[in-house]
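Enquirer: what follows is a protein structure lacking sequence information:
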């Protein structure tokens, strides 16, 4: 589990959801496939099925009301390395869910590499791994 049981757990999950939703919306084509990927990822990192839609809705509000990605990268940046990698994998799954990565999506991931303190080579390796999953 990524987050401790506490009163802020849903807030933390909502911020992670906001980042994932931002990635899904950046190409102006937020699909149900992307939302399913986001839901699955949130469940894997500690969301509970009964609160899932509330977390998604809160994440959407955070994403809509924010004008910079720094607002919702803090939670991910402070995670353990393996948890950050899981989120990065999810971001690439969202991007490749439509079998293509456009310039806005790749630019987002390039910015996140620095913001989340992810090594460039590691980011490239994760990208290629996920790309192979979707482009078989």
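Expert: Yep, it's here. As the structure is a computational prediction, the values presented were derived from the model and not from experiment.
Enquirer: from residue 135, how far out is residue 128?
Expert: To residue 135, residue 128 is 10 Å away according to CB to CB, to the nearest Å. From N, CA and C alone the C-beta is placed, and that goes for glycine too.
Enquirer: what are the buried residues along the helix or strand of the chain with the lowest mean pLDDT?
Expert: In the chain, no helix or strand scores lower on mean pLDDT, DSSP states H and E than helix 70-77, which sits at a mean of 86. By neighbour count on 16 or more other CB atoms under 10 Å, the buried set for helix 70-77 is 72-73, 75-76.
Enquirer: ditto for stretch 50-68
Expert: 52, 55-56, 58-60, 62-63.
Enquirer: where does pLDDT dip in this protein?
Expert: The model of the chain has pLDDT under 70 over residues 1-7.
Enquirer: ranges for the helices of it?
Expert: Remark: helices assigned in the chain by DSSP state H are 9-25, 32-44, 52-64, 70-77, 81-96, 103-115, 120-134.
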